[in-house]
Each structure stands twice: as C-alpha cells, then as structure tokens.
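Student: Curious how this folds, go ahead:
(one chain, ligands or ions: 1)
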Amino acid sequence: MMSTSPSSPSGLAALEQRLAQDLAWLDLPARRWVPPGTVNGEELLDVAIIGGGMAGLAAAAALANLGVRARIYDRAAEGFEGPWATTARMDTLRSPKQLTGPALGFPALTFRAWFEAQFGMTAWNELDKIPRLQWMEYLRWYRAVLKIDVRNEHCVKDIIPHPDHVELKMQASSGALPVYARRVVLATGRAGLGGASVPGFIQGIPRERWAHSSDAMDYSTLRGLRVGVVGAGASAMDSAGTALENGAASVDLLIRRGDIPRVNKGKGAGNPGFVQGYVDLPDEWKWRIRHYINMQQVPPPRASLLRVSQHANARFHLGAPVLRVQEEGRQLRVETPHGIFQLDFLVLATGFAIDSHSRPEYATIAPRLRVWGDRYRPAEGGDDPELRGSPDLGPSFEFQEKIPGALPGLSRVHCFCYPATLSHGTVSGDIPAISDGAARLSRGIASLLYGENIREHYAELLAFDEPEVFGDEWTPAG
Ligand SMILES: Cc1cc2nc3c(=O)[nH]c(=O)nc-3n(C[C@H](O)[C@H](O)[C@H](O)COP(=O)(O)OP(=O)(O)OC[C@H]3O[C@@H](n4cnc5c(N)ncnc54)[C@H](O)[C@@H]3O)c2cc1C
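Tutor: Residues are numbered from 1 along each chain as shown. Model (predicted):
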C-alpha cells in the first residue's frame, strides 16, 4: 500500500469522510425534539436565522447538533454572503491563519484541514495569511458539507414578534412570503443593527463624488482621479490600496489622529477567560473594557499599510480631520487643518454605527428594544455613543423590552451580530471566538425551547411506552 507523507494532500473527499465519521462517533447531529407546529397553515420553524455569513452558518450548525432545526435566509446571492467576495478589498484576511473560526471544536471542519486536504502541509506552512476569496471558498464548503439549509435572495423586510412565535415579512424573487419561527436569530454582520457611519461634513455632496468604504463599488472608475480617503483603519488602507492599484492619480489619506494606532488592544484581551468570563462581568467592567478598546482604535495590519505606502503617489496626512467639504464644479474642496485639498472623489472609511432605527426591517422592534443607554450611566468621561446605542441583551443574546409588556415576544429575537459585543464580548462576529458564541447561543435557545414547550414534553413523557423489559425475563419465585 502506498503511504502518504504528512505533506501530501489527501483530498476533500477524504476529509469529508473523516468529518462524517467524527460526527457519527459523537452521535451528531442529535435527533429533532422540538414539537412541530403551524401558524396560519404555514410551517412553524424551530429557528429562523437572518444572515448566512460565518455567524449564521456557525449558529445553524451548532443548533443542528443539538437537534434544533434552523433555516437561514440571506438576501445575497448564493456564495456571496458577507463582505468577503463583495465589498472587502484586502488581499488576505486580517486575522491569523490558525484561528479555528466556525469549526465548533471539530478538527475536520477547520480552515486548516480544508486547506491541507487540497494543498498539503508544506503549502500550509508556507501560507502567510488566508487569501480573502479562499476564505469565502471555505465558507461555501462548510455550508455544503454540513448541508445547512440556506435560502438565498430572501430579504427580511420586517420582524414582528408575537407572544408565542415571530413572524418575518420576507421578499424573495418569487414574491413576498411570510415566515413563522419559534425564535429568530439576527446574524446580520458587522453593521448588523445599523449601517455605514457617515460624517456630517459630506451632507449635500452628490453621491457620485463619494462612497463609504463598505459600499459595493468598481474601483476602476477611480483611474486617473485624485482620491481622498478619510480614516486610518484597515478599511481605509484597503480602499486606498485598491484605488492605487486601479490607477488613481493620487491618494491622500486624511487622518484625524496625530498618529496611526499601533497596538490592537482587542487582540491583547483575547484569551479563553475573556471569551467565557466577559459576559458575567459587572456592567462597570464591561463598559470600561469596551470603551477603552473603542478609544484606542484598531490599527490596520502592517501589510495593508505597506500595500499603500509602496506607492509614491500615496500621501499620509496625520492630524488632518476633515472640517468642510464643498463641491466646486466637478471637484471637491476639502478643508483640513493641514491645508486644503482639491480632490475628485472621497472614500469615507469611517466605520459603522449601531442604530437599529436606521434599518427599515427593524421598524417594529427598534422602538421597543432596550439599549444600554436606557438604563446605564457610565462614570464621568466614559460616554460612548456606540456603547449607549448597544442592545442590552439577555444571557442567550435575546433582546429585552424597554418597557416590559410593550412587545411580548421580543425576547424571541436573538442578536448574534457585532452589536452584541458590549453585552457578550467579542463572540458574535469576528473569526476568533465565533464557535464559542454559537455554542452559547445554541445552548441558550435549546434551553428556552424546551422550557416554553414543557407541557408538550411532559405529555410526551406520559405517553412514552417503549419497554426495556418485557416481563418474560424472569419467573417470580412461587
Ligand atoms: C471588510 C471587512 C473585512 C473583515 N475582515 C475580518 C478578518 O480578517 N477577520 C475577522 O475576524 N473579521 C473580519 N471582519 C469582521 C467580519 O464582519 C466578520 O468576521 C464576518 O463577516 C462576520 O460574519 P457575520 O456572519 O457576522 O456577518 P456577515 O458575513 O457580514 O454576514 C451577514 C449576512 O447577513 C445578511 N443580511 C443582513 N441583513 C439582511 C436582511 N435584512 N435580510 C436577509 N439577509 C440579511 C447579509 O446579506 C450577509 O450575508 C471583516 C469585516 C469587514 C467588513
């Protein structure tokens, strides 16, 4: 028999066999146990997940292992969920290659296993960071190999909680349809309860002269143009690098701070104690940690900076906050303390805002959900608009009502996206701890589903009559 060296790829089919074997050995996924139901003649799902990116997929897989059936709805086309193959512009992931991401503790589900199965261990050792589109390929495989039920091109337009279920108003290519589920998970991503953060100085400037870094946009349209990029984070560097590679005449980076952040404090905080213990910290500590990380800001990866600075026509202006933007003919006059810039196009790499009121699909729930600002006042000097607007979530990521009783069923909606960070820590979006978040979410939901259907489970217990012993195993002593 020919032996394979550890560096030879064994192929995806072999990996898939191993995964199937691992799951069989652990007797997973568990059998379904949530009572079936209907609403208005339609199927009542155990769980509906909005968003089929990494978080939605991990949540669906973790729920399936516990015998809870989840169906995902995503407005994106199949294979184009999340930012990776659409609006992200970095060459490689920002996070290190060895993170196990959505693998849920199964070695055969890791990116590394998937990569080595195809390209071998030598290639793995030589790999620096994971190429962005290859990560998307891996997520497509993850979805397929776990047979996750994802309905693409389904956009959720409204979320209507009821005391014993949640109704989703859905728009699909075939038309509008209602979906009913016992519980709903929002796995809607980095801007999951809001959208792009757009500074006031751009108000009134026509849309053809500016874009946010998270906009879908063809950067080849910037060829020959003088481009300004506002910001100094990873997305600023990605936008600047892409503009330069597409032939922009120049890129001026307009950076508010006097220096570019050097240290990623969030990375420094990440250890298993933080992942498991943050959620149980007192409010004061949660706020203090998150506010500090927000104030320090996340530096761009070194490689992303070098991607920009290697171009002679890239200019870094530190201490240059934008004060005013005016349209002058076909160009923009951008005023900063560093001087005035005449530009053709501005890219705002100004991050994301948490504001559930800004999203039409949250119109029903947004006014009723409790945010931290409704009940918590930070110590002097600790005010932070992002934290104030963050949802105040329960132990299973569930929303809580601002006024108890005002929207019964609101707690059937679970917020498993970036805005959960203040309540739960960094377990609901980024790659490092997404499996820990999915485990917490799925256990919480399984427990809630069991408790709220206890009458049916008890009736099943009473009706259960599968004998272990038939009475013919012994003869009573005369
Ligand atoms: C440019 C960029 C680069 C990043 N790089 C990294 C990185 O290197 N490492 C890292 O750890 N993190 C990175 N992140 C953070 C990143 O968002 C997450 O790691 C990852 O995308 C989170 O997955 P998710 O499932 O939470 O969200 P997403 O992948 O964004 O998925 C959310 C999904 O929800 C869907 N959706 C939203 N609203 C609706 C609706 N109303 N109806 C139907 N569907 C809806 C969207 O179509 C989308 O597919 C990056 C983020 C960005 C924006």
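
Student: Number of residues surrounding the closest residue to the ligand within the stretch 101-250 of the chain?
Tutor: At 2.6 Å from the ligand, residue 189 is the closest residue in the stretch 101-250 of the chain, using CB to the nearest ligand atom. For every residue, glycine as well, the C-beta is placed using N, CA and C. Here the number of neighbours of residue 189 (other CB atoms under 10 Å) works out to 20.

Student: My guess is it contacts residue 51. True?
Tutor: Yes. At 6.2 Å, residue 189 and residue 51 qualify as touching, with contact defined as CB atoms under 8 Å.

Student: Overlap in contacts, these two.
Tutor: Common contacts of residue 189 and residue 51 (CB atoms under 8 Å, 6 or more residues apart in numbering): residue 417.

Student: Residue numbers of the protein in contact with the ligand?
Tutor: Contact residues (CB under 6 Å from any ligand atom) of the chain with the ligand: 50-56, 73-76, 81-83, 88, 93-95, 155-156, 187-190, 235, 361, 417, 429-431.

Student: Please list the members of these that lie in helices.
Tutor: Under the assignment DSSP state H, those contribute 54-56, 235 to helices.

Student: Farthest pair within those?
Tutor: Spatial extent of those (CB to CB) is set by the pair 56 and 235 at 22.0 Å.

Student: okay, now the domains of the chain?
Tutor: 12-193+354-458, 198-262+299-350 (automatic domain parsing).

Student: distance between the ends of the longest one?
Tutor: This points to domain 12-193+354-458. 44 Å (CA to CA, to the nearest Å).

Student: ok now that domain, how far from the chain's centre?
Tutor: 8 Å (CA atoms, centre = their mean, to the nearest Å).

Student: hmm, back to that, can I get the ones in helices among the residues of the chain next to the ligand in TSV including pLDDT?
Tutor: Formatted as TSV, these follow (pLDDT from 0 to 100):
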residue	pLDDT
54	98
55	98
56	98
235	97
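
Student: Of those, which is the nearest to residue 108?
Tutor: If you rank those by distance to residue 108 using CB to CB, residue 54 comes first, at 17.4 Å.

Student: Wait, that closest one touches residue 434, no?
Tutor: Yes. The pair residue 54 / residue 434 is scored as a contact, 5.9 Å apart, by CB under 8 Å.

Student: on that earlier part again, which ones among the residues of the chain next to the ligand lie within strands?
Tutor: Using DSSP state E, the subset of the residues of the chain next to the ligand located in strands is 50, 73-74, 155-156.

Student: Just the buried ones from those?
Tutor: 50, 73-74, 156 (16 or more other CB atoms under 10 Å).

Student: out of those residues, what pair is the most spread apart?
Tutor: Maximum pairwise distance among those (CB to CB): 9.3 Å, between 74 and 156.

Student: ok so residue 273 is a helix residue?
Tutor: Yes. Applying DSSP: H, G, I helix; E, B strand; the rest coil, one finds residue 273 inside a helix.

Student: Can you tell me how far residue 441 is from the ligand?
Tutor: Distance check for residue 441 against the ligand: by CB to the nearest ligand atom, to the nearest Å, it reads 12 Å.

Student: That residue in helix, strand or coil?
Tutor: helix.

Student: What separation is there between it and residue 434?
Tutor: Computed as CB to CB, to the nearest Å, the residue 441 to residue 434 distance reads 10 Å.

Student: next one: residue 280
Tutor: Distance of residue 280 to residue 434, computed by CB to CB: 20 Å.

Student: quick one: which of the two has more around it?
Tutor: Just comparing residue 280 and residue 434: by other CB under 10 Å the higher neighbour count belongs to residue 434, 27 against 10.

Student: Could you pull up phi and psi at that one?
Tutor: Main-chain torsions, residue 434, degrees, to the nearest 10: phi -70, psi -30.

Student: I'd like to check which residues are in contact with it.
Tutor: Applying CB under 8 Å, 6+ apart, we find residue 434 in contact with 54-55, 58, 101-102, 427-428.

Student: And the residues you listed, which two are furthest apart?
Tutor: Longest span within the contacts of residue 434, CB to CB: 101 and 428, 13.3 Å.

Student: Counting neighbours, go ahead and name the busier of the two.
Tutor: More crowded of residue 101 and residue 428, by other CB under 10 Å: residue 428, with 31 against 24.

Student: Which stretches in the stretch 301-450 of the chain count as helices?
Tutor: In the stretch 301-450 of the chain, the helices defined using DSSP state H, counting those that start in this stretch lie at 302-309, 385-388, 421-424, 434-452.

Student: Turn these into a markdown table, columns for distance to residue 461 and mean pLDDT.
Tutor: Output for those, formatted as a markdown table (distance: least, CB to CB, whole Å; pLDDT from 0 to 100):
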| stretch | distance to residue 461 | mean pLDDT |
| --- | --- | --- |
| helix 302-309 | 57 | 97 |
| helix 385-388 | 45 | 96 |
| helix 421-424 | 33 | 98 |
| helix 434-452 | 12 | 98 |
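
Student: okay, those, which one's buried deepest?
Tutor: Comparing the helices of the stretch 301-450 of the chain by mean neighbour count (mean count of other CB atoms under 10 Å), helix 421-424 ranks first with a mean of 24.

Student: On the pLDDT front, check the residue nearest to residue 155 when sequence neighbours are not counted for me.
Tutor: Once flanking residues are discounted, residue 155 sits nearest to residue 75: 3.8 Å by CB to CB, 6 or more residues apart in numbering. Looking at residue 75, its pLDDT stands at 97.
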